[in-house]
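J.: got a predicted structure plus its sequence, pasted below:
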Amino acid sequence: MRDTNTTAVIPLALVDDDPLYSEVIAQDLIDRGFAVHKFPDGQTFLNAVQQGLPVRIVLLDWTLPAMSGLAVLRTLRERRIDIPVVFLTGRCRIEYELAALRSGAIDFVDKARGVDVLVPRMRLLVRSDVVQPEPEPVVCGPLLLQRHKGR
C-alpha cells in the first residue's frame, strides 16, 4: 500500500548484509514512498557515497562484514559527510545505542520494531533536514523588519 501522505520520493541507503531482510524492508519502504539503494557492506556503500550517491537518509546495520556499521558511521563523519544515519539493528543493548549516538547517528531502532515505527521517524528527519530560506526583510526608510527574528 502506497503512503499517500507524501508527494516526493525520498532516496535512502540501506546497508545490511542479510539479503532476505534487505529485500523485505526495501519493498516495505518503497511502498511507503522511499527510493531504496541497497548495499551488502560498508565499503560498497562508502564508495557509492564518495561517487555522489544522492540519498537523504542512511539505514545502517551494526553487524556488517569486514567493517562494522559503527566504523562506517565514523568514516562518514571523518570525511565530513553529514547524511543522517539511523541504525537499524538487532543489537539493541544500550552500549551500542550510546556508541552510535556519540559517533553521530541520529537514531537507533530495533529491527523488530518494523517499518511502522521507522517510517514516521525518518519522515521527521527529512522534514527537519529541509533548510527553510529566510524571508526577505522589509525595509521602510531606516527601519528594517526581519520577520524570522520577530523584530
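T.: Looks like it arrived, so ask away.
J.: what about the longest helix in the protein?
T.: If you go by DSSP state H, the chain has its longest helix at helix 115-129.
J.: so which elements touch the helix or strand that that helix is followed by?
T.: Next helix or strand after helix 115-129 toward the C-terminus (DSSP states H and E): strand 138-140. Packing contacts for strand 138-140, counted by 3 or more Cβ pairs under 8 Å, 6 or more residues apart in numbering; DSSP states H and E, involve strand 143-145. Any C-beta I mention is one placed from the backbone N, CA and C, and that applies to glycine too.
J.: residues in contact with the longest helix of the chain?
T.: Defining contact as Cβ atoms under 8 Å, 6 or more residues apart in numbering, one finds that helix 115-129 is touched by 3, 6, 10, 12, 25, 28-29, 32, 34, 56-57, 59, 84, 86, 88, 106-107, 109.
J.: which residues touch the closest residue to residue 106 other than its chain neighbours?
T.: The shortest distance from residue 106 to any non-neighbouring residue, by Cβ to Cβ, 6 or more residues apart in numbering, is to residue 84 (4.5 Å). By Cβ under 8 Å, 6+ apart, the contact list for residue 84 reads 56-58, 106, 125, 129.
J.: ok, residue 84 to residue 139 distance?
T.: From residue 84 across to residue 139, the span is 37 Å (Cβ to Cβ, to the nearest Å).
J.: can you map out the helices along this protein?
T.: 19-31, 42-50, 69-78, 94-102, 115-129.
J.: who wins for proximity to residue 143 among these?
T.: helix 115-129 (32.8 Å; Cβ to Cβ).
J.: and the closest one, how far out from the chain middle?
T.: For helix 115-129, the separation from the chain centroid amounts to 8 Å (computed by Cα atoms, centre = their mean, to the nearest Å).
J.: can you list the buried residues in it?
T.: The neighbour-count check on helix 115-129 (16 or more other Cβ atoms under 10 Å) flags 115, 118-119, 122-123, 125-126 as buried.
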